[in-house]
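**Student:** missing the sequence, but the structure's below:
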């Protein structure tokens, strides 16, 4: 019996050591991820709330590539200014923002009579003009 306990204890010690090493690695990874996010100078919630709500109540769908915005960036901008960013054109869509090489959303917007704008017109709306 003592031999079995000894073997079992060795295995238990090995598992404990492995778990400890994993927890150290996870802690290090989390610290690095936090540092990386902090270095990006992301806006604080107060800064986002204080943006002019020039798109309040408006729903946008985006198709094609934009010059000044990434796909995530345009959605974040719309929402930060009070609008809604949708993925599909419907009767509830206020504007279809069209970039380079638009997809099938353009035809759907035309069929539904949705207002179609380019990036320049979007920036004017964003500015409140």
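**Tutor:** That came in fine, so what should we check first? Computed from a prediction, not measured in an experiment: that's the story for all the values here.

**Student:** quick one: neighbours of residue 115, just the number.
**Tutor:** Residue 115 has 12 neighbours, counted by other Cβ atoms under 10 Å. In this view, the C-beta of every residue, glycine as well, is placed from N, C-alpha and C.

**Student:** didn't it look like it was pressed against residue 97?
**Tutor:** No - counting by Cβ atoms under 8 Å, residue 115 does not reach residue 97; the two are 10.0 Å apart.

**Student:** now the common contact residues for those two.
**Tutor:** Any residue near both residue 115 and residue 97 by Cβ atoms under 8 Å, 6 or more residues apart in numbering counts here, and not one turns up.

**Student:** what's the closest non-adjacent residue to residue 94?
**Tutor:** Excluding the flanking residues, the one nearest residue 94 by Cβ to Cβ, 6 or more residues apart in numbering is residue 58, at 4.5 Å.

**Student:** and if you look at residue 75?
**Tutor:** Leaving aside its sequence neighbours, residue 75 sits nearest to residue 85 (Cβ to Cβ, 6+ apart; 4.0 Å).
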